[in-house]
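**Student:** my questions concern the predicted model and sequence given below.
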Amino acid sequence: MRWLRRAGGWVPLLGEVRVGRTQRRLTGGWRRVPLRRRGATALGISFRPRQCEAFDLDPRQTLTALLAYPFELVRLAAYWDRIEPAPGAFEPGEVDWQLEAAQRAGKHVILCLGPVKSFGYPEYFVPRHRLDAALPEGRLIDGVSHPALLEATTQYLTRLVQRYRDREAIIAWQVEHEAVDPLGLEHSWRLAESFVRQEVAAVTAADPSRPILLNGFLPTSTAVLAHQWWRTRDQGDSVALAQRLADIVGVDSYPRHALASLGGWGIYLDGAAAILPARRRRRLLRRAAADGRRVMVTEGQAEPWESVTVPPNPRARAASSCPPERILQNYTDWLDWTHRTHTELSGYLFWGAEYWVMRAQQGDSSYLDAFVRALDES
């Protein structure tokens, strides 16, 4: 770990660890977070029908309610296992009604096509009938190891794009989600760059008129940066791939997340201002600008990331990883970072809209109110 010692040793790394209560009192602090003017940065959300189901929300009612707010951009997902639930099936109704609702509301749409990975837990949505066996752990998945999967994904992508390319609301296609990164700690297989390149080529062939977005998780702590580098060192991570291949580089940004919790106490990583994460962020912004690529925050943390799969919902309190004021702080931090590097975000998508609706229905509108403040005052 010689490189880490050169960066300042273990003391700064330990300084990124926070220990505290997993819940805190709700305050009106979100009203006092200073906001920077966003200029040409479009604001929006990602919408996850599966998350609605996890919160016992009706997806149609939830999306309709969210689309009433005056943001510009919504990211939707086509989940392969829902569109093709059985061999020979093609059931795109879920995508159809979401697109129609977004178009009626006058929103621009980024459609995440998948197919293997898409946003929202568990991020892996290959229909079971498309694989004879689970993807092998510790392997790169490419057209040599899995030719049938590659053929199926390119055919699926072509069919989806041909179906939706006449929709004027769609402004970009997203191919895969964090395309060449492993799936957290749950799976160690990864898509090979060659696999994703052929998927991108299929989308471009079906619709050369729209830009391609690739996104990736941008580490906001030294420990996660080192871990991600080690796991993806053979071909680079998804942000690096996006910088090579995409028209729009999408960044998934989670400044504070839990590592573990016990008895009402949690251990958190919070290192967005640390030397190495800040250095990589600056390089990303400056290189993308020099290459003529747009940068968008595709997931700006606006819901808790605790040590559980479904974000906790403490009554009359907030989860410490993301109380309402962090929604605005995370957002304005990105505007500050781009201002300092003389660059600009083409968009910022707040992540967690379904959580805000669930909280509001249970009596706490502060998350939604913080989002509305960003729309109204920045």
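**Tutor:** That came through, no problem.

**Student:** what count of nearby residues applies to Pro85?
**Tutor:** Around Pro85 there are 13 other residues, counting by other C-beta atoms under 10 Å. Placement of C-beta: from N, CA and C, glycine included.

**Student:** now it: how far from Tyr79?
**Tutor:** Distance, Pro85 to Tyr79, by C-beta to C-beta, to the nearest Å: 10 Å.

**Student:** nearest spatial neighbour of Glu176, skipping sequence neighbours?
**Tutor:** Nearest residue to Glu176 in three dimensions, chain neighbours excluded: Lys117, at 5.0 Å (C-beta to C-beta, 6 or more residues apart in numbering).

**Student:** and the residue minimising distance to the centre of the chain, what does it touch?
**Tutor:** Nearest to the mean C-alpha position of the chain, by C-alpha atoms, centre = their mean, lies Glu299 at 3.7 Å. Shown in contact with Glu299 (C-beta atoms under 8 Å, 6 or more residues apart in numbering): Ser46, Phe119, Asn215, Gly250, Val251, Asp252, Ser253, Tyr254, Leu349, Trp351.

**Student:** just checking, the second one touches Ala78?
**Tutor:** No. Taking C-beta atoms under 8 Å as the contact criterion, Phe119 and Ala78 are not neighbours in contact, 11.1 Å apart.

**Student:** Phe125 is in contact with the residue nearest to Glu176, correct?
**Tutor:** Yes. Lys117 is within contact range of Phe125, at 7.3 Å (criterion: C-beta under 8 Å).

**Student:** need the contact list for Ala192.
**Tutor:** By C-beta under 8 Å, 6+ apart, the contact list for Ala192 reads Leu140, Ile141, Asp142, Val180, Gln235.

**Student:** and Lys298, that's in a helix?
**Tutor:** No, residue 298 isn't Lys; it's Thr. No. Read with DSSP: H, G, I helix; E, B strand; the rest coil, Thr298 is strand and lies in no helix.

**Student:** how close does Ala289 sit to Thr41?
**Tutor:** 14 Å.

**Student:** ok, those two, which is more surrounded?
**Tutor:** Thr41 (20 against 16).

**Student:** what strand or helix carries the residue nearest to the more buried one when sequence neighbours are not counted?
**Tutor:** Using C-beta to C-beta, 6+ apart and skipping the chain neighbours, the partner closest in space to Thr41 is Leu345 (4.6 Å). Assigned by DSSP states H and E, Leu345 falls within no helix or strand.

**Student:** state the number of residues packed around Leu345.
**Tutor:** 22.

**Student:** now render the contacts of Ala192 as CSV, adding pLDDT and secondary structure.
**Tutor:** Formatted as CSV, the contacts of Ala192 follow (pLDDT from 0 to 100; DSSP: H, G, I helix; E, B strand; the rest coil):
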residue, pLDDT, secondary structure
Leu140, 98, strand
Ile141, 98, strand
Asp142, 98, coil
Val180, 98, coil
Gln235, 97, coil
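
**Student:** how near is the closest residue to Glu137 other than its chain neighbours to Asp132?
**Tutor:** Nearest residue to Glu137 in three dimensions, chain neighbours excluded: Ser188, at 4.7 Å (C-beta to C-beta, 6+ apart). In this view, Ser188 and Asp132 are 20 Å apart by C-beta to C-beta.

**Student:** Asn313 too?
**Tutor:** Asn313 is 40 Å from Asp132, by C-beta to C-beta.

**Student:** ok, these two, which is more surrounded?
**Tutor:** Just comparing Asn313 and Asp132: by other C-beta under 10 Å the higher neighbour count belongs to Asn313, 15 against 8.

**Student:** for that one, which three-state class applies?
**Tutor:** Secondary structure of Asn313, per three-state DSSP, is coil.

**Student:** cool, and Leu349?
**Tutor:** Using three-state DSSP, the structure places Leu349 in strand.

**Student:** about what we covered before: hmm, the residue nearest to Glu137 is touching Gly138, no?
**Tutor:** Yes. Assessed by C-beta under 8 Å, Ser188 is found in contact with Gly138 at 4.9 Å.

**Student:** looking at those two, which one has more neighbours?
**Tutor:** Using other C-beta under 10 Å as the criterion, Ser188 and Gly138 rank with Ser188 on top: 14 against 9.

**Student:** quick check: the more buried one vs Glu199, distance?
**Tutor:** In terms of C-beta to C-beta, Ser188 sits 21 Å off from Glu199.

**Student:** just Arg37 next, same as before
**Tutor:** In this view, Arg37 and Glu199 are 37 Å apart by C-beta to C-beta.

**Student:** roughly how far is the one helix or strand Leu285 maps to from the heart of the chain?
**Tutor:** Assigned by DSSP H and E, Leu285 falls within helix 275-291. Relative to its chain's centre, helix 275-291 lies at 18 Å (C-alpha atoms, centre = their mean, to the nearest Å).

**Student:** got the CA positions of that helix in PDB?
**Tutor:** Provided in PDB are the C-alpha atoms of helix 275-291 (Å, rounded to 0.1, in the frame of the first residue of the first chain):
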ATOM      1  CA  ILE A 275      -7.400  13.700  -1.600                       C
ATOM      2  CA  LEU A 276      -7.700  10.700  -3.900                       C
ATOM      3  CA  PRO A 277     -11.500  10.800  -4.500                       C
ATOM      4  CA  ALA A 278     -11.300  14.500  -5.200                       C
ATOM      5  CA  ARG A 279      -8.400  14.100  -7.500                       C
ATOM      6  CA  ARG A 280     -10.200  11.500  -9.600                       C
ATOM      7  CA  ARG A 281     -13.300  13.600  -9.700                       C
ATOM      8  CA  ARG A 282     -11.300  16.600 -11.000                       C
ATOM      9  CA  ARG A 283      -9.600  14.400 -13.700                       C
ATOM     10  CA  LEU A 284     -13.000  13.100 -14.800                       C
ATOM     11  CA  LEU A 285     -14.500  16.500 -15.200                       C
ATOM     12  CA  ARG A 286     -11.600  18.100 -17.000                       C
ATOM     13  CA  ARG A 287     -10.900  15.100 -19.300                       C
ATOM     14  CA  ALA A 288     -14.600  14.800 -20.300                       C
ATOM     15  CA  ALA A 289     -14.700  18.500 -21.100                       C
ATOM     16  CA  ALA A 290     -11.500  18.300 -23.100                       C
ATOM     17  CA  ASP A 291     -12.900  15.200 -25.100                       C
END
